[in-house]
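Trainee: have a look at this prediction, sequence included:
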Amino acid sequence: MKYMKFLLFFMFCYSSSIAQNVIINGIPRDTSFTVHSAYVKALKNYPQIQIVSPQLPENVREIENVTYSTLKSGRNLNLNIYRPKNDEKYPALLMVHGGGWSSGDLSLQIPMAQRIASKGYVTVPVEYRLSPESQFPAAVFDLKIAIRWIRANAEIYGIDTTKIAISGCSAGGQLAMLVGMTNFRPEYETPDEYASYNTNVHAVVNIDGISDFSTEELTATRESLAKNKMPASIKWLGGTYEDMKDTWIAASPINHVTKDSAPVMFINSSIPRFHGGRDEIIEKLSAYNIYTEVYAFDDSPHPFWLFYPWFPTTVDRTVSFLDKVLKGKENK
């Protein structure tokens, strides 16, 4: 399958524009954001940037459009797999795209997945239900099923099930955090498929995703609504913080840190609102001696991972963290 860079969906956590909802194969889709529009917007302040395109390394094998779950409606949820071309077992990294919980698709993660796979990982960009189709917690259930699928199919794809990580960008980073903080929490999963396998992960890479929905900036939605602008968080969570406080709390990773939560790498832009809850959740994780790292780019746009010059460093920082936490390798 060919992926043209100007047709890739681009993610943002908080939409200020009106979503362009269409029906594709019977599924409601928000197509309002693209890599191209993100590029045009960022180019004004960052004239040096270039879009990152998919490019399969010579040592990597790809298996695309694999069904990991079939919904009660009959529609399939799919994922891609990238792994080194040999028979060895490797750690797995489930990769969650962004798009404000309402747009985007797994193709956004393909360039990074291809590059990380070449470093000795089985990378798995994953599709999940978005808010035009189903609100919280459907996406979390989908991702937990995908983790079960990885374990159930580990022998087929050469995966070491003692070393499973999850990463995500923006909205995907928030989802990855929630998955990683809720290890051994059955209320955040559904046992309909692969019930004999667990959903625990051993590491999280959060790329500019929030950890707390209850910060003042994120709950100040009345002004946006008065201007007929619908924040993506409201669309996904089903209402404002005032109206759906319990849901907003349940969706905030910061409220679910336990001794079983996974180590986390935070890779951030220079925009503070996408760091929401980061320092506070690090403090909670540290109380359990759970390892964390932070790397922040100076003077960078929110979707930095989609562009050069930030893409290579994002890959390198992700691999370095995973090598340390999953493979026991120290930085040299």
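Mentor: Received the coordinates, thanks. Numbering: from 1, shown residues only.

Trainee: from now on I want contacts and neighbour counts done on CA atoms only, so please keep to that.
Mentor: Noted.

Trainee: spit out the contact partners of Ser69.
Mentor: By C-alpha atoms under 8 Å, 6 or more residues apart in numbering, the residues touching Ser69 are Asn76, Leu77, Asn78, Asp142, Ile145, Ala146, Glu193.

Trainee: which one in those residues is the model shakiest on?
Mentor: Among the contacts of Ser69, Glu193 has the lowest pLDDT, at 93.

Trainee: what about that one, neighbour count?
Mentor: 14 (other C-alpha atoms under 10 Å).

Trainee: didn't it look like it was pressed against Ile145?
Mentor: Yes. Using C-alpha atoms under 8 Å, Glu193 is in contact with Ile145, at 6.8 Å.

Trainee: for the contacts of Ser69, which one is nearest Val319?
Mentor: Ala146 (21.3 Å; C-alpha to C-alpha).

Trainee: let me know the pLDDT of the residue nearest to Leu56 when sequence neighbours are not counted.
Mentor: Closest residue to Leu56 in three dimensions, ignoring its sequence neighbours and counting by C-alpha to C-alpha, 6 or more residues apart in numbering: Gln114, at 5.8 Å. pLDDT, Gln114: 98.

Trainee: for Gln114, what are its contacts?
Mentor: So Gln114 contacts Pro54, Gln55, Leu56, Pro57, Val60, Tyr82, Thr123 (C-alpha under 8 Å, 6+ apart).

Trainee: now Glu62
Mentor: Remark: with contacts taken as C-alpha under 8 Å, 6+ apart, Glu62 is in contact with Asn80, Ile81, Tyr82, Arg83.

Trainee: now with 10 Å, please.
Mentor: By C-alpha atoms under 10 Å, 6 or more residues apart in numbering, the residues touching Glu62 are Leu56, Asn80, Ile81, Tyr82, Arg83, Pro84, Lys85, Gln114, Ala117, Val122, Thr123.

Trainee: secondary structure class of the fifth one, three-state.
Mentor: Applying DSSP: H, G, I helix; E, B strand; the rest coil to Arg83 yields a three-state assignment of strand.

Trainee: for the second one, same thing?
Mentor: Local secondary structure at Asn80 is given as strand here, using three-state DSSP.

Trainee: wait, it touches Thr67, no?
Mentor: Yes. Using C-alpha atoms under 10 Å, Asn80 makes contact with Thr67 at a distance of 8.9 Å.

Trainee: if you count surrounding residues, which of the two has more?
Mentor: Neighbours per residue, other C-alpha under 10 Å: of Asn80 and Thr67, the larger number sits with Asn80, 23 against 16.

Trainee: let me see the ranges of the helices in the chain.
Mentor: Per DSSP state H, the chain carries helices over the ranges 35-43, 110-117, 138-152, 154-157, 171-181, 216-219, 222-226, 232-237, 245-250, 278-287, 311-327.

Trainee: who's in contact with Glu58?
Mentor: Residues near Glu58 by C-alpha under 10 Å, 6+ apart: Pro84, Lys85, Ser118.

Trainee: in terms of pLDDT, where does the second one sit?
Mentor: What the model reports as pLDDT for Lys85 is 97.

Trainee: so what's it up against?
Mentor: By C-alpha under 10 Å, 6+ apart, the contact set of Lys85 is Glu58, Asn59, Val60, Arg61, Glu62, Ala117, Ser118, Gly120.
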